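Q: coords please:
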Amino acid sequence: MKTISTLLAALILSSSVFADASRPTASLTVKSSSKSDIVVVVDDKKYDLGTNAIMISDLEPCEHEVTILQENVTNPVNYYDRAYDEIFEGPVTLKPRTTLEIAINQCGTVSMSEITSKRPLFGDTWKGEYYFDHANLVNAPTYSNAISNYDFSRVLWAIGKESSESNRMLSAEQIIRTNYVTVYQLSQLMQLFCSDASKLEIAKLAYPKTVDQDDYYVLNNIFKDDDARSEFAQCIRH
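A: Down below sits the predicted model:
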């Protein structure tokens, strides 16, 4: 319990140090069902990862000028010395604590949807509540050698206040290495991360520290991409 308390104190302190200087940000995710690479330009800043999906975090919650380009040879437009199709150009409004998802289907049609983050804001204070999936947490099984659901919920609250995925990963790794967890708790932790790569890394790290490994397969539903699900299934088999 001393280890848990020390970790909680460190996590909460690291989050509260920046409370006054930080404010809620927004995220933009662009995904294409085509395998062609995309480039996203936000207010003249180019994001080119050589993939068909890009997530941009820590954006100001306001109106932004967004251009989406997709590598193609049909009716190309020359940008950055490469040939692209211009899929979208125009203003989009990003809201605090919200991810705007822009999806591009095989025909090049654009659709948008918003997902509001459940993560707590900087400056939030712990109220002794379950912040993640409160409705189902009361039915979650408990194990004597795993961190309690109450303490783990507080850990999730502290990790959720981290502004970047890399910082959340460092905190999550520290918690996993020093505590035993249940599959249910691990599923809640993995949902703090946006990328399947981060979720997979957490799942691999936590397996030896999970007390109900027979139920590990249920985590498969947390991954969005089929390749990530396949790699996760392979890890379980081995």
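
Q: can you list contacts of the host helix or strand of Ser230?
A: Per DSSP states H and E, Ser230 falls inside helix 226-237. Helix 226-237 is touched from outside by 196-197, 199-200, 203-204, 207, 216-217, 219-220, 223, with contacts defined as CB atoms under 8 Å, 6 or more residues apart in numbering. The way it works is simple: take the backbone N, C-alpha and C, and place the C-beta from them, glycine included.

Q: and the strand ranked longest in the chain, what does it pack onto?
A: Longest strand in the chain, counting residues (DSSP state E): strand 82-93. The helices and strands touching strand 82-93, judged by 3 or more CB pairs under 8 Å, 6 or more residues apart in numbering; DSSP states H and E, are strand 63-71, strand 77-79, strand 98-104, strand 110-116.

Q: dump it to CSV, keeping only the CA atoms.
A: What follows is strand 82-93, C-alpha atoms only, in CSV (Å, rounded to 0.1, in the frame of the first residue of the first chain):
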residue,chain,number,x,y,z
ARG,A,82,4.7,14.6,-54.9
ALA,A,83,1.5,14.0,-56.6
TYR,A,84,-1.7,14.0,-54.5
ASP,A,85,-5.4,14.3,-54.8
GLU,A,86,-6.9,17.1,-52.7
ILE,A,87,-9.6,15.3,-50.6
PHE,A,88,-10.6,18.2,-48.4
GLU,A,89,-9.9,21.9,-47.8
GLY,A,90,-11.7,24.2,-45.5
PRO,A,91,-12.2,25.4,-41.9
VAL,A,92,-13.0,23.0,-39.1
THR,A,93,-13.9,23.8,-35.5
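
Q: and that strand, which strands flank it?
A: Using DSSP bridges, strand 82-93 pairs in its sheet with strand 63-71 (antiparallel), strand 77-79 (antiparallel).
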